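Enquirer: coords please:
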Amino acid sequence: MGLRGVFLRFAALLVWSGVAIAADADLDALKKRLFPGIKGEDNRRIIDSSDYPWSAIGLVNSRLGGFCTGTVIGPRDVLTAAHCLWNKRTRSWLVPDAIKFLAGYRRRDFIAHGKVGDYTLADPLVTPNDGARFRPHDWAILHLAEPIDGITGMLPLGLPGTPVREYLQAG
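Expert: Below is the predicted model:
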């Protein structure tokens, strides 16, 4: 290999290194754009949503296509945001039949599901249309037709054995 061959190999190595460095720089820039709130190393990891306590957290679905998060707080009780139960088009609360809860939800898979038989709103007279006045009332408890806590576990609001009704009275 002559001097020209060595030079060409060295030039190719420089170009390849520059591409690799540019690719790393592009990847870092892309990560910063996609994950702007993550500083330093991205050490997040995927958890198994069927493991407790994650199994007690799930998706509140409505027939309208909307969804929110809910948490199992009692054998048949799920805490969620009240605005998730509001129909913007009709300006009224959804009927319980239109709502389902999927526990331990992750990528279209879940460990338990429950049909909502009824729900309790913090204050049914104050709606999302009331703006700032609604914010302190933006919670609801879904009452499932069947208990699911034996499958999901639960994240109780307070001391074990305290009935949910006591929290409802406290507001």
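Enquirer: Any idea what the residue nearest to G58 when sequence neighbours are not counted is bridged to?
Expert: Leaving out its chain neighbours, the residue that sits closest to G58 by Cβ to Cβ, 6 or more residues apart in numbering is A103, at 4.0 Å. For glycine as for every other residue, the C-beta is placed from the backbone atoms N, C-alpha and C. A103 forms beta bridges with G58, A112, as assigned by DSSP bridges.
Enquirer: Walk me through the domains of the chain.
Expert: 1-37, 54-170 (automatic domain parsing).
Enquirer: Give the stretch among these with the greatest mean number of neighbours.
Expert: Neighbour counts (mean count of other Cβ atoms under 10 Å) averaged over each of the domains of the chain peak at domain 54-170, with a mean of 17.
Enquirer: Let me know the secondary structure of the residue nearest to the spatial centre of the chain.
Expert: By Cα atoms, centre = their mean, the mean C-alpha position of the chain lies nearest to T69, the distance being 5.3 Å. On the three-state scheme (DSSP: H, G, I helix; E, B strand; the rest coil), T69 is labelled strand.
Enquirer: Kindly report the same for N129.
Expert: Bear in mind the rule, three-state DSSP; under it N129 is helix.
Enquirer: Quick check: phi and psi at the residue lying closest to it once chain neighbours are set aside.
Expert: Counting by Cβ to Cβ, 6+ apart, R91 is the residue found nearest to N129 once chain neighbours are left out, at 6.4 Å. As for R91, its main-chain torsions (degrees, to the nearest 10) stand at phi 50, psi 50.
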